[in-house]
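Trainee: What follows is a protein structure lacking sequence information:
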């Protein structure tokens with residue numbers, strides 16, 4: 001395919017769709033739908049990196065791609081797959097409405113909708129998708145959605161994406177506004193105003209009918225990007241679930257309609273397609289990661305990316321531990337536990353009760369908020385984790401936040417909550433800002449929701465009428481505070497400062513100046529989280545049982561089944577951090593040593 005042809009299928013993909021359809025009409029032996037799928041499948045696979053990302057400036061009718069999270073599954077809709085239009089001179093025009101919202105008929109041609117022999121209809125799946133919640137700057141496309149590569153750098157040469165983003169929310173296809181903007185202060189709710197003035201996380205759009213964000217359903221107040229409605233053509237009636245991350249590639253449909261031009265029912269449900277465009281998907285893929293440094297192809301990932309990482313895994317592990325120690329006041333034990341926390345993920349569930357692999361950490365004795373300790377740690381996480389989010393645990397936040405998604409039956413859609421998050425999200429709960437106060441009923445419910453997320457990795461979405469539906473989660477939760485949290489955790493780790501004073505701003509600057517090292521950390525965390533891990537051998541099982549029996553005899557009150565489960569999780573994560581794909585004796589012994597050090601700190605504090 002030459003350059004001109006390449007540009008044509010990218011800028012006007014429907015031309016190729018219609019060409020294949022017309023050739024099918026003249027040759028009934030050819031399946032035009034399968035041929036379209038095969039033709040675009042090959043083009044997309046071979047030229048994926050040349051397909052432009054969906055932005056506010058993308059042109060309708062062009063081919064675009066986009067990483068999104070499934071926020072809601074909508075009702076299927078009927079469309080006209082084939083039709084015949086007739087002119088006044090009885091000339092016939094055959095066409096297809098697949099991959100289109102509006103039929104492409106010439107002027108002077110009319111479709112006879114009563115002629116069932118010439119009209120073929122079918123259904124397509126409809127989803128509502130939002131930008132991946134908590135997606136960090138380094139995973140985003142090189143060219144931002146609103147600026148060119150040159151414009152994305154300030155006068156000092158620093159990428160705008162590397163500067164603090166937490167107080168900025170994006171207005172769809174327009175300018176940005178800060179959370180503290182007076183323009184957004186149209187609500188009369190004192191609690192919401194207080195949260196906004198304190199810089200707390202709850203986006204005021206959740207209580208503001210006049211907000212330009214109303215109806216977009218973005219999950220986190222710091223999220224930005226283009227929401228969209230993908231239309232998927234496939235025989236599987238439910239290929240994707242709520243909260244799945246998918247990469248869509250398809251034909252953009254953006255009609256320049258005002259909300260007043262839409263019918264009342266549609267206007268109540270969604271903003272116009274000029275703001276939330278529709279994408280007729282030619283290729284849709286479930287994505288286990290959004291790390292741009294690694295292959296998205298599962299076969300290539302397992303064969304090449306894993307092998308490359310394992311060659312240098314111990315060196316990268318040492319480097320990451322050193323950086324963690326700097327962020328943790330030089331504490332080597334806390335650094336080990338945070339490393340294991342970063343690698344943790346849910347890998348199984350037993351009897352709907354036990355969740356295997358979760359590893360929530362409560363880091364206590366943290367420095368006060370004035371030291372920039374939390375900001376330093378969150379900067380590190382946002383620089384090496386694909387998705388992360390900091391939630392300040394203030395009384396105001398608890399009382400005004402909407403944690404759980406809720407079904408809105410008047411609009412027939414699911415309204416998002418702060419905890420509607422994709423698999424692999426890193427959450428930092430900041431208790432260093434917690435002050436005395438009274439929780440209202442909504443605050444108590446939010447506290448329960450966080451506890452359920454940590455303990456069970458499940459959340460019950462509110463579908464009204466005393467009917468909730470449980471959704472499984474896989475979130476890493478780190479709690480930072482002075483004392484032991486009211487929220488549950490898998491381990492409590494008291495921070496033991498090894499350095500008298502730490503300039504956390506210097507640590508953050510040093511961190512951002514070593515991009516090659518950050519790239520190594522980014523690959524390390526993604527690869528080891530997705531690596532295939534073998535079952536425990538009989539020999540190791542026997543050793544573990546012997547150790548557990550001996551410890552139980554020596555200390556029957558403190559050594560329980562929960563102790564064994566926790567030690568097994570730590571041993572597994574410790575082995576993973578060293579690149580081991582199965583549990584080894586040294587991993588088990590190291591896990592026991594780590595636990596002894598941690599428990600001795602708790603006993604002596």
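Mentor: Alright, I've got the coordinates. Model, not experiment: these values are computed from the prediction.
Trainee: could you point out which element follows the helix or strand harbouring residue 14?
Mentor: Per DSSP states H and E, residue 14 falls inside helix 13-26. Proceeding N to C from helix 13-26, the next assigned helix or strand is helix 32-47, under DSSP H and E.
Trainee: Report the inter-axis angle for that following helix versus helix 13-26.
Mentor: When axes from the mean of the first three to the mean of the last three C-alpha atoms, to 10 degrees is applied, the directions of helix 32-47 and helix 13-26 differ by 140 degrees.
Trainee: I'd like the average pLDDT over helix 32-47.
Mentor: Mean pLDDT, helix 32-47: 93.
Trainee: now for whichever helix or strand comes after that helix, which elements pack on it?
Mentor: Counting by DSSP H and E, the next helix or strand C-terminal to helix 32-47 is strand 63-73. Applying 3 or more C-beta pairs under 8 Å, 6 or more residues apart in numbering; DSSP states H and E, we find strand 63-73 packed against helix 3-11, strand 120-131, strand 245-253, strand 278-286, strand 413-415. In short, each C-beta sits where N, CA and C put it, glycine included.
Trainee: So which of the ones you listed is the most surrounded?
Mentor: Most buried of these by mean neighbour count (mean count of other C-beta atoms under 10 Å) is strand 245-253; its value is a mean of 22.
Trainee: Give me the sheet partners of it and which way each runs.
Mentor: Sheet partners assigned to strand 245-253 using DSSP bridges are listed as strand 63-73 (antiparallel), strand 278-286 (antiparallel).
Trainee: what's the next secondary structure element after the first one?
Mentor: Using DSSP H and E, the helix or strand that follows strand 63-73 towards the C-terminus is strand 77-87.
Trainee: before we move on, back to that, tabulate the strands paired with strand 245-253 in TSV, adding columns for distance to residue 360 and mean pLDDT.
Mentor: Formatted as TSV, those follow (distance: least, C-beta to C-beta, whole Å; pLDDT from 0 to 100):
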stretch	distance to residue 360	mean pLDDT
strand 63-73	22	97
strand 278-286	26	96
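Trainee: Of all those strands, which one comes closest to residue 322?
Mentor: Across the strands paired with strand 245-253, residue 322 has its closest neighbour in strand 63-73 (31.9 Å, C-beta to C-beta).
Trainee: That closest one: which residues count as buried?
Mentor: Residues of strand 63-73 classed as buried: 63, 64, 65, 66, 67, 68, 69, 70, 71, 72, 73 (neighbour count, 16 or more other C-beta atoms under 10 Å).
Trainee: Likewise for stretch 549-566?
Mentor: Neighbour counts using 16+ other C-beta under 10 Å place 551, 552, 559, 563, 564, 566 of stretch 549-566 among the buried residues.
Trainee: how far out from the middle of the chain is it?
Mentor: 38 Å (C-alpha atoms, centre = their mean, to the nearest Å).
Trainee: distance between the ends of that stretch?
Mentor: Stretch 549-566 has an end-to-end distance of 15 Å (C-alpha to C-alpha, to the nearest Å).
Trainee: Which strands or helices does the longest helix along the chain pack on?
Mentor: Secondary structure of the chain per DSSP state H: the longest helix is helix 585-604. With contacts taken as 3+ C-beta pairs under 8 Å, 6+ apart, helix 585-604 sits against helix 332-343, strand 491-494, helix 538-554, helix 561-577.
Trainee: For the helix holding residue 14, which outside residues touch it?
Mentor: Residues outside helix 13-26 that contact it (C-beta atoms under 8 Å, 6 or more residues apart in numbering) are 8-9, 30-32, 35-36, 39-40, 61-63, 94-96, 98-100, 104, 251, 282.
Trainee: Filter those down to just the buried residues.
Mentor: 9, 32, 36, 39-40, 62-63, 95-96, 98-100, 251, 282.
Trainee: Could you export the residues you listed as TSV, including distance to residue 508?
Mentor: Formatted as TSV, the buried ones among the contacts of helix 13-26 follow (distance: C-beta to C-beta, whole Å):
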residue	distance to residue 508
9	45
32	56
36	50
39	49
40	45
62	40
63	40
95	58
96	55
98	51
99	47
100	49
251	43
282	43
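Trainee: Between which two of those residues is the distance greatest?
Mentor: Most distant of those, by C-beta to C-beta, are 32 and 62, 21.9 Å apart.
Trainee: For the residue located most distally from the centre of the chain, give me the pLDDT.
Mentor: For the chain, the residue at maximal distance from the C-alpha centroid (C-alpha atoms, centre = their mean) is residue 89, at 55.3 Å. Reported pLDDT at residue 89 in the predicted model: 87.
Trainee: what about it, which helix or strand?
Mentor: Per DSSP H and E, there is no helix or strand for residue 89.
Trainee: Where do the strands of the stretch 101-250 of the chain begin and end?
Mentor: 109-111, 120-131, 168-170, 176-178, 229-232, 245-253 (DSSP state E, counting those that start in this stretch).
Trainee: between those strands, which gets nearest to residue 461?
Mentor: Smallest distance to residue 461 across those (C-beta to C-beta): 14.5 Å, for strand 120-131.
Trainee: any idea which of the helices and strands packed on strand 63-73 scores lowest on pLDDT?
Mentor: Among these, helix 3-11 scores lowest, at a mean of 70.
Trainee: about what we covered before: and the strands of the stretch 101-250 of the chain: which comes nearest residue 498?
Mentor: Residue 498 lies closest, by C-beta to C-beta, to one member of these: strand 168-170, at 35.8 Å.
Trainee: count of neighbours near residue 509?
Mentor: Neighbour count for residue 509, taken as other C-beta atoms under 10 Å: 11.
Trainee: related to what we said a few turns ago, got the strands of the stretch 101-250 of the chain as TSV, with distance to residue 55 columns?
Mentor: Output for the strands of the stretch 101-250 of the chain, formatted as TSV (distance: least, C-beta to C-beta, whole Å):
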stretch	distance to residue 55
strand 109-111	34
strand 120-131	11
strand 168-170	12
strand 176-178	14
strand 229-232	16
strand 245-253	10
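Trainee: quick one: which of these is nearest residue 513?
Mentor: The nearest among the strands of the stretch 101-250 of the chain, by C-beta to C-beta, is strand 168-170 at 23.3 Å.
Trainee: Can you tell me the closest non-neighbouring residue to residue 590?
Mentor: Closest residue in space to residue 590, ignoring its immediate chain neighbours: residue 574 at 5.2 Å, by C-beta to C-beta, 6 or more residues apart in numbering.
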